[in-house]
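Participant: requesting a structural model of the entry that follows:
(chains A and B)
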2 protein chains.
Amino acid sequence: MSIGVVHEQTITFESGIRLESGRILAPITLVYELYGTLNADRSNLIMVEHAWTGDAHLAGKRSEEETKPGWWDAIVGPGKLLDTDHYCVLCSNVIGSCYGSTGPASINPKTGKRYNLTFPVITVRDMVRAQELLLDHLGVKRLLCVMGGSMGGMQALEWATQYPERVASVIALATTPRPSPQAISLNAVARWAIYNDPTWKKGEYKHNPKDGLALARGIGHITFLSDESMWQKFDRRFSAKDGLFDFFGQFEVERYLNYNGYNFVDRFDANCFLYLAKALDLYDVAWGYESMADAFSQVQAPIQFFAFSSDWLYPPYQTEEMVTCLQGLGKEVEYHLIQSAYGHDAFLLEHETFSPMVRSLLERVAP
Amino acid sequence: MSIGVVHEQTITFESGIRLESGRILAPITLVYELYGTLNADRSNLIMVEHAWTGDAHLAGKRSEEETKPGWWDAIVGPGKLLDTDHYCVLCSNVIGSCYGSTGPASINPKTGKRYNLTFPVITVRDMVRAQELLLDHLGVKRLLCVMGGSMGGMQALEWATQYPERVASVIALATTPRPSPQAISLNAVARWAIYNDPTWKKGEYKHNPKDGLALARGIGHITFLSDESMWQKFDRRFSAKDGLFDFFGQFEVERYLNYNGYNFVDRFDANCFLYLAKALDLYDVAWGYESMADAFSQVQAPIQFFAFSSDWLYPPYQTEEMVTCLQGLGKEVEYHLIQSAYGHDAFLLEHETFSPMVRSLLERVAP
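Facilitator: Predicted coordinates:
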């Protein structure tokens, strides 16, 4: 059942936080959505973490007129996997983003202008640090579960290692302890595409630098799909509108990248894209520790990992490295390698593949 | 032993050729290099086909001052794999390129101006058709061997299927019967990078559109390497010159892509890059046939294939599809899957992995 019409909430923390870089980011505004009801001892809160270009609008509709529900509506609602009849579910937009939480596109209250490139470089750890303020505000001592895919999985890992006493369980999908140089290089060329756009103006644009940002997103889409899913979806079909020997003739896959790239320009800010890409690249669960094992020695909650066979952005071997490390430390860890053709996006498209295991973990830790 | 100082040769065919598109390309100039000596019955000629941004300068040096020898000098010369004491070795620059053979950067004799985008779209089959003129000119009825990697492998496959009576053996490395939609999509974003560059001016530039072309090449380099080789070469090292929290701070892999991208601008023409990318994407060994089997039924010569385990641009399964098809037709086919971390570039970097098998094939077919 759909959760119906939902409302986003906004809160501002004047004190802000000290970032990993040592700089202070203040004030910090967070936009979030909350579904279901917190129980009396506030022990039924599940925090869902969004990925790179996601937002707080996880489920339901923001108005009756909205045609598309929230991004993970398939698993959040009454009777669904994250059952809002039993759990209270929270999703908050990360700092650095452009969907209401403080980011490069926000107005700096000190100057009255957009931060743009004066915004400090942030890390995934900083995103979670800001979320801790929200948790305190909600009066929740301990999350029943923190769950997320991709950059959302990184945030889940940060909760597990940085705030071990505040999470009862952790679910990380399609993620990595630290992006590979190949993943970094794909973000690097996406950045480069934006830098090359003369309308970007070192971040001081009035209008989103559309050609650069669209191309950057096009590159991203290649990494979200897989070789296999592209064969299935596009094969080598050539656009029916174009001649094979037209210089500008396009393959279907090419049109798809263009179409999705330019669509993205209407919904995401280029500077925010760059800051979050940087947070992804810098991500390392062992940041500030001597090793991954040193970082994972902090973990108290059971962790459930899902990797997807055709995910070449954060390939299964990277999840397996974490699993082996946690097993070596005697931690409670569960690993599921899901056979899927959908690549990195599988975690958003094939929730039925992981639902039974997630349900079972939640039932085990639920109050 | 090095082959020493070599000289490129140039020949122009006034009649040109009819292209796959139906258009006539005339005149056609080809630049080539020839090493060793043709024997009396002209039966010892080995044709080496170059890849996307390669040239005719296969081996030796064009002057005593040249610091770097030709691109496959490691295997061509007296006593080397393609032993110029026994074989005569030919390499010719493909049409569409910018290294002397007729391409978009050439002057159109009809207008006195560069072709630029008035150049016709060409295919790999057209490249080989032009090479046939050269073979006739040299008075060679049959090549002892045609050998190439990547786009060079596609040309070798075209010789095998289009001119079966003119080749005694075929060696194809790191190639594909038709690029996957993923490979096409990576070329698509490279093209897009050039189109986005305002100095490209729909091909009517005075100076190479450097930012767009450098980025396009940067994208290419990601596909030439592999996840594994990037870990080995760069790991997650951050540039020592940059701070981790500098907005423009770079990972080493990012610097590498930038450096190689901008170097490329000095040596390759953007329009030629685009035309050859298109030829790659359009490539299909079954072009004009009912099926791959129909195309391969033409083959008379033994074919030796090499695929490299970490090549994700033209992954081994694509070569294996050809091998299975040829075996099904009862053709003489040999397949070697080389374990390598070097990705697509392995064929240029690890010649010792395939040399024994190549030597053995050549000895078998040699006069």
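Participant: for A:Phe248, grab phi and psi.
Facilitator: Backbone torsions of A:Phe248, given as degrees, to the nearest 10, read phi -90, psi 10.
Participant: just A:Val48 next, same as before
Facilitator: phi -110, psi 130.
Participant: that one is in contact with A:Gly148, isn't it?
Facilitator: Yes: counting by CB atoms under 8 Å, A:Val48 touches A:Gly148, with 6.3 Å between them. C-beta coordinates here come from the backbone N, C-alpha and C atoms, glycine included.
Participant: contacts only, for A:Ile122.
Facilitator: Contacts for A:Ile122 (CB atoms under 8 Å, 6 or more residues apart in numbering or on different chains) come out as A:19-21, A:25, A:95-96, A:275, A:279.
Participant: export those as JSON lines, with columns for distance to chain B, pLDDT and secondary structure.
Facilitator: As requested, the contacts of A:Ile122 are exported to JSON lines (distance: CB to the nearest CB, whole Å; pLDDT from 0 to 100; DSSP: H, G, I helix; E, B strand; the rest coil):
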{"residue": "A:Leu19", "distance to chain B": "8", "pLDDT": "98", "secondary structure": "coil"}
{"residue": "A:Glu20", "distance to chain B": "8", "pLDDT": "97", "secondary structure": "coil"}
{"residue": "A:Ser21", "distance to chain B": "4", "pLDDT": "96", "secondary structure": "coil"}
{"residue": "A:Leu25", "distance to chain B": "12", "pLDDT": "98", "secondary structure": "strand"}
{"residue": "A:Ile95", "distance to chain B": "15", "pLDDT": "98", "secondary structure": "coil"}
{"residue": "A:Gly96", "distance to chain B": "12", "pLDDT": "98", "secondary structure": "coil"}
{"residue": "A:Tyr275", "distance to chain B": "8", "pLDDT": "98", "secondary structure": "helix"}
{"residue": "A:Ala279", "distance to chain B": "11", "pLDDT": "98", "secondary structure": "helix"}
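Participant: looking at those, spot the one nearest A:Tyr35.
Facilitator: A:Tyr35 lies nearest to A:Ile95 out of the contacts of A:Ile122, by CB to CB, at 21.7 Å.
Participant: distance of that closest one from A:Pro27?
Facilitator: Counting by CB to CB, to the nearest Å, the separation of A:Ile95 from A:Pro27 is 11 Å.
Participant: what touches both of these two?
Facilitator: Joint contacts of A:Ile95 and A:Pro27 (CB under 8 Å, 6+ apart) are A:Thr102.
Participant: so for these two, which residue has more residues nearby?
Facilitator: Using other CB atoms under 10 Å in any protein chain shown as the criterion, A:Ile95 and A:Pro27 rank with A:Ile95 on top: 29 against 12.
Participant: surely the more buried one touches A:Leu30?
Facilitator: Yes: between A:Ile95 and A:Leu30 there is a contact under CB under 8 Å: 7.5 Å.
Participant: intersection of neighbour lists for those two?
Facilitator: Taking CB under 8 Å, 6+ apart as the criterion, A:Ile95 and A:Leu30 both touch A:101-102, A:130.
Participant: among those, which lie within helices?
Facilitator: If you go by DSSP state H, the shared contacts of A:Ile95 and A:Leu30 have A:Ala130 in helices.
Participant: want to throw the shared contacts of A:Ile95 and A:Leu30 into TSV with pLDDT and distance to B:Leu138?
Facilitator: Formatted as TSV, these follow (pLDDT from 0 to 100; distance: CB to CB, whole Å):
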residue	pLDDT	distance to B:Leu138
A:Ser101	98	69
A:Thr102	98	70
A:Ala130	98	71
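Participant: export the shared contacts of A:Ile95 and A:Leu30 to CSV and tack on distance to chain B and neighbour count?
Facilitator: Compiled in CSV, those are given as follows (distance: CB to the nearest CB, whole Å; neighbours: other CB atoms under 10 Å in any protein chain shown):
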residue, distance to chain B, neighbour count
A:Ser101, 19, 26
A:Thr102, 17, 27
A:Ala130, 17, 23
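Participant: which of the shared contacts of A:Ile95 and A:Leu30 lies closest to B:Met154?
Facilitator: Of all those, B:Met154 sits closest to A:Ser101, with 49.6 Å by CB to CB.
Participant: contacting residues for the closest one?
Facilitator: A:Ser101 sits next to A:28-31, A:56, A:92-95, A:130 when contact means CB under 8 Å, 6+ apart.
Participant: now do 6 Å
Facilitator: A:30-31, A:93, A:95 (CB atoms under 6 Å, 6 or more residues apart in numbering or on different chains).
Participant: same deal with A:Tyr35?
Facilitator: A:3, A:59, A:84, A:89.
Participant: list the contacts for the first one?
Facilitator: Remark: with contacts taken as CB under 6 Å, 6+ apart, A:Ile3 is in contact with A:35, A:59-60, A:77, A:84.
Participant: quick revisit: out of the contacts of A:Ile122, who has the most neighbours?
Facilitator: Using other CB under 10 Å as the neighbour test, the contacts of A:Ile122 are led by A:Gly96, with 31 neighbours.
Participant: my read is that that one contacts A:Tyr275, right?
Facilitator: Yes: counting by CB atoms under 6 Å, A:Tyr275 is a contact partner of A:Gly96 at 4.6 Å.
Participant: for the residue nearest to the spatial centre of chain A, give me the pLDDT.
Facilitator: For chain A, the residue sitting closest to the mean C-alpha position, by CA atoms, centre = their mean, is A:Ala51 at 1.2 Å. As predicted, A:Ala51 sits at a pLDDT of 98.
Participant: ok, it touching A:Met154?
Facilitator: No: with contacts counted by CB under 6 Å, A:Ala51 stays clear of A:Met154, the gap being 9.2 Å.
Participant: quick revisit: okay, the contacts of A:Tyr35 in CSV with pLDDT and secondary structure next?
Facilitator: Output for the contacts of A:Tyr35, formatted as CSV (pLDDT from 0 to 100; DSSP: H, G, I helix; E, B strand; the rest coil):
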residue, pLDDT, secondary structure
A:Ile3, 89, coil
A:Ala59, 97, coil
A:Thr84, 97, coil
A:Val89, 98, strand
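Participant: between those, which sits nearest chain B?
Facilitator: A:Ala59 (31.5 Å; CB to the nearest CB).
Participant: which bits of the stretch 51-200 of chain A sit near chain B?
Facilitator: Neighbours of chain B within the stretch 51-200 of chain A, by CB under 6 Å from any CB of the partner chain: A:117, A:121, A:180-182, A:184-185, A:188-189, A:192, A:196.
Participant: turn those into TSV, columns for pLDDT.
Facilitator: Formatted as TSV, those follow (pLDDT from 0 to 100):
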residue	pLDDT
A:Leu117	98
A:Val121	98
A:Ser180	98
A:Pro181	98
A:Gln182	98
A:Ile184	98
A:Ser185	98
A:Ala188	98
A:Val189	98
A:Trp192	98
A:Asn196	98
